[in-house]
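In: make a model of this:
(2 chains, ligands or ions: 4)
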Amino acid sequence: MAKGVLVDLTKCVGCGGCTVACKLWNDMKFDDNNPTVGDKAKLSGKNWTVVHAHQVKNKDGETVWRFNKQQCLHCLEPACASACFAKALQKTKDGPVIYYPHLCVGCRYCMIACPFNIPKYEWDKTFPLVSKCQMCSTKIARGEAPACVSVCPQGVFKFGERDELLKEAKAIIAKDDKYIKEIYGEKEVGGTSWMYISDIPFKDLGFKTGLGTTPLPTYSHNFLRYTPFVAVGWGIILTGLYHYTKRRNTISKETNIKG
Amino acid sequence: MENRSTKPTSVSRRGFLKMLGGVGLAGIAANIAGCSTDPAGGKGWMPQQYQVASSWPIQVKGRVPIDPNNPSIVRDDKKCILCGQCIEACEKVQTVMGYYELPIKDDITCVNCGQCTLWCPTGAITERDDIDKVLKAINDKNLHVVVQTAPATRVALGEEFGMPAGSIVEGKQVAALKKLGFDAVFDTNFTADLTIMEEGTELVKRITGELKKPLPQFTSCSPGWVKFCEYFYPDLLEHMSSAKSPQQMMGAVVKSYYAKQKGIDPEKIFSVSIMPCTAKKYECQRPEMNDAGQKAGKPNIRDVDVVLTTRELARMIKRAGINFNELEDAQYDSMLGEGTGAAVIFGTTGGVMEAAVRSAYFLITKQNPPEALLELTPVRGLNGVKEASLEIPGAGKINVAVCSGLGNARKILDQVREDIKQGLPPRYHFIEFMSCPGGCIGGGGQPRTALPPSDAVRQARLASLYTMDAKIYKKRLSHENQEVIQIYQNYFEHPMSELAEELLHTEYTDRGKHLTAKKKA
Ligand code: SF4
Ligand code: SF4
Ligand code: SF4
Ligand code: SF4
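Out: Ligands and ions are numbered 1, 2, ... in the order given. Below you'll find the predicted structure:
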């Protein structure tokens, strides 16, 4: 069954451990231009997850600090994957929406398609690829939680079957009136594998709200269904071109060095 | 280094053509030499220093939160391996992390003690480096740059230069500071003695009932401890002595008394301190620590401008290429440079208590304490909580307690709270609290001689301070410090005078509203 993660934002203290765990497991470089924690935290080609700090007012009008861990939400029906005719993005049965670099042609349709503005382009690389959280699919395949989830010292996350987590989330917010009565990710664009509960309205914490509950792929599928073979055909050609260009760049680089 | 799964792949012309004629996407993938068909993402845990992926290590525990604006400590994510040693220090030793309810309010609770910097195996957490500010001041010809050194740095600094733990380097430290270009080198021992005069007088006044403040009196010289009390025990703040810490007394005295005696504009003085402590960096930035400035009508003048830890001083000496081990001993500068044995033991747990008792005895009886009282053994040593009682003629039996490490402080504080709740008379007159295990000798800014910090190192440093008290310093009583006597004659008149209250005493902040303390931790 499909796995999910339940994030209880009221428990996060902003230590950023989860962002470091992501770098360590995935061997991602640190991004000197974009911090991973704080009010300037920003997802980038190198930052698959960040913990964004917000100063907000709580129900009683007091100013409080809250942190929002951002990463790919791993939609149940991912718009990114359906926009990708090269099948570089694929939803697995375990839950993660994963990216295969060898299939990617670099068209960046996924970036436009994602309603949460998640996929990033590795602008600083010679052969840039699209870059985003993989929900540690290799760990999940072994039955383990994603890296960020395993490291949190405050018990912010719960990893498990999405259906179970949803039930649990509902029980938590029903029981404890500090929570707002909403689970982000339950229905957004058809539901996501990552779900959040919070004591502060999600829009105040930088979440995209008002996305509707209709899965976005239902729109794009229609288009793709008309031209499946063409799409694959283009995929082949673009992939080929992509590697060919890469090769030429490498050769010209080498020549330059020699010259 | 490239992401392992996306190594730049190249393709030959033949490969390209073959690919175009290929059968499908899977075929293409299989045909591209060296191109992995794996998804993006990790193959294993990669602490940068090992450079090989492996499975998820069980010892990965997470870490403490650190506010990017923390004045005392900073963390380099590139070095952090999430080992959780900082949690160990913060939660188990200092009982800070995990002792407040979630959600947090509007603060990342930290008492700035820096114990985490001593435990972090990779050096990811360090003190906030303020060396450049000091170098800039030294190079500014318009500034008169003074420096003070805490009692505990002189028995630890040598370790940074390969000397055995506890080596006494008082004279070399002074020499190094003079070589670095400071205009005057003062001893925090001087204001430790001054603190004893103020705090001892306050204690006597509490005992006699002249001062309407409750017993027991708490010591106030450890800024990590003070902030801890403000966070978790704000209801007990009236027990806190109003005397400032020796570092802040020195700051205020330098920009008032010293400035006046020397005829220097306080605005032209830059005041630096060398401390075993990271919380001192935070303490000197507390908004109320501008008393000399207030007095001069220029509230933007800080009493202490920059605090450097023992480790930072070592780095400065190394950067300047000074051969520390070969330095000839030098002397502190006069006016604020004299210190006694009572002052130097401020650097260890139990020391403030012992120093205070020596002078309280004098303040009550007008006589010096007997020899036996100069070795108050029950309050010595590294035990987390210590107690003693002594007879002082005219005051009767005085009960004291000493604790170091904030986890130990809780034990005593919970007891004080409980006694008050039950209406019991106070069981102690005076309690010394030190934030760091062992006191300042084990301070968060001291050399990382053993990892995690070991009692053997603490013991060696502690022993050296007692040696200095018993064998090296000429005087052992704060009230006999000649320069302290002079400052009262020339300036303050007597302890707790109006001027002394203005410059040498302070007030505290209830920080209870920034967190919800856990009921039973
Ligand atoms: S959040 Fe964006 S990138 Fe992630 S699965 Fe959904 S559409 Fe794709
Ligand atoms: S590890 Fe946990 S507490 Fe720390 S920032 Fe991430 S979610 Fe928050
Ligand atoms: S002790 Fe240091 S390396 Fe270990 S988790 Fe804390 S900051 Fe990271
Ligand atoms: S400085 Fe002290 S209180 Fe702050 S995080 Fe480190 S150990 Fe905890």
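
In: for the residue nearest in space to the middle of chain A, which three-state class applies?
Out: Central residue of chain A (Cα atoms, centre = their mean): residue A:72, 1.0 Å from the mean position. Three-state call for residue A:72 (DSSP: H, G, I helix; E, B strand; the rest coil): coil.

In: residue contacts, the closest residue to it other than its chain neighbours?
Out: With sequence-adjacent residues excluded and distances taken as Cβ to Cβ, 6 or more residues apart in numbering or on different chains, residue A:72 is closest to residue A:133, at 4.0 Å. Heads up, the C-betas are built off the backbone N, CA and C, glycines and all. If you count contacts by Cβ atoms under 8 Å, 6 or more residues apart in numbering or on different chains, residue A:133 has them with A:22, A:48-49, A:71-72, A:74, A:118.

In: circling back: touching, the residue nearest to the centre of chain A and residue A:99? I think so.
Out: No. Contact between residue A:72 and residue A:99 fails when scored by Cβ atoms under 8 Å: they sit 9.3 Å apart.

In: identify the contacts common to these two.
Out: A:119, A:132, A:134.

In: how close does the residue nearest to the centre of chain A sit to ligand 4?
Out: 31 Å (Cβ to the nearest ligand atom, to the nearest Å).

In: roughly how far apart are that residue and residue A:152?
Out: 18 Å (Cβ to Cβ, to the nearest Å).

In: contacts for stretch A:41-52, please.
Out: Residues contacting stretch A:41-52 (Cβ under 8 Å, 6+ apart): A:12, A:14, A:16, A:18-19, A:22, A:26, A:28-31, A:33-39, A:53, A:67-72, A:118, A:120-125, A:128, A:131-134, A:148, A:205-206.

In: ok, that stretch near ligand 1 or not?
Out: No. Interface with ligand 1: stretch A:41-52 contributes nothing (Cβ under 6 Å from any ligand atom), its closest point being 10.5 Å away.

In: mind saving the C-alpha coords of that stretch as CSV?
Out: Output of stretch A:41-52 as CSV, limited to C-alpha atoms (Å, rounded to 0.1, in the frame of the first residue of the first chain):
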residue,chain,number,x,y,z
ALA,A,41,15.2,29.3,3.4
LYS,A,42,14.7,28.3,-0.3
LEU,A,43,14.3,25.1,-2.2
SER,A,44,16.9,24.8,-5.0
GLY,A,45,18.6,22.4,-7.2
LYS,A,46,20.7,21.4,-4.2
ASN,A,47,18.1,21.9,-1.5
TRP,A,48,15.5,19.2,-1.8
THR,A,49,14.0,20.2,1.6
VAL,A,50,14.1,23.4,3.6
VAL,A,51,12.6,24.5,7.0
HIS,A,52,11.1,27.9,6.5
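
In: any buried residues in it, and which?
Out: Residues of stretch A:41-52 classed as buried: A:41, A:43-52 (neighbour count, 16 or more other Cβ atoms under 10 Å in any protein chain shown).

In: so which of the residues you listed belong to strands?
Out: A:50-52 (DSSP state E).

In: now these in a markdown table, with distance to ligand 3?
Out: Listed next are those as a markdown table, based on distance: Cβ to the nearest ligand atom, whole Å:
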| residue | distance to ligand 3 |
| --- | --- |
| A:50 | 18 |
| A:51 | 15 |
| A:52 | 21 |
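
In: now, which of these sits nearest residue B:472?
Out: Distance to residue B:472 across these (Cβ to Cβ) is lowest for residue A:51, with 51.5 Å.

In: ok, back up a step: look up how far ligand 1 lies from the residue nearest to the centre of chain A.
Out: Distance of residue A:72 to ligand 1, given as Cβ to the nearest ligand atom: 3 Å.

In: who are the neighbours in contact with the residue of the stretch 101-250 of chain A found nearest ligand 4?
Out: The nearest approach of the stretch 101-250 of chain A to ligand 4 comes at residue A:153, 12.1 Å away (Cβ to the nearest ligand atom). Residue A:153 is in contact with A:15, A:17, B:61-64, B:84, B:87, counting by Cβ under 8 Å, 6+ apart.

In: not counting its neighbours along the chain, what's nearest the residue in the stretch 401-521 of chain B that ligand 2 sits nearest to?
Out: Relative to ligand 2, the nearest point of the stretch 401-521 of chain B is residue B:515 (15.6 Å; Cβ to the nearest ligand atom). In space, residue B:515 comes closest to residue B:100 once its chain neighbours are excluded; the distance is 4.1 Å by Cβ to Cβ, 6+ apart.

In: so the one you found touches residue B:516, yeah?
Out: Yes. Here residue B:100 lies in contact with residue B:516, judged by Cβ under 8 Å, at a distance of 6.0 Å.

In: and the two? which has more neighbours close in?
Out: residue B:100 (19 against 13; other Cβ atoms under 10 Å in any protein chain shown).

In: quick check: phi and psi at the more buried one.
Out: When read as degrees, to the nearest 10, the backbone of residue B:100 gives phi -130, psi 150.

In: list the residues that contact it.
Out: Neighbour list for residue B:100: B:109, B:515-518 [criterion: Cβ under 8 Å, 6+ apart].

In: do the same with residue B:246
Out: By Cβ under 8 Å, 6+ apart, the contact set of residue B:246 is B:150, B:188-189, B:191-192, B:194-195, B:221, B:343, B:346.
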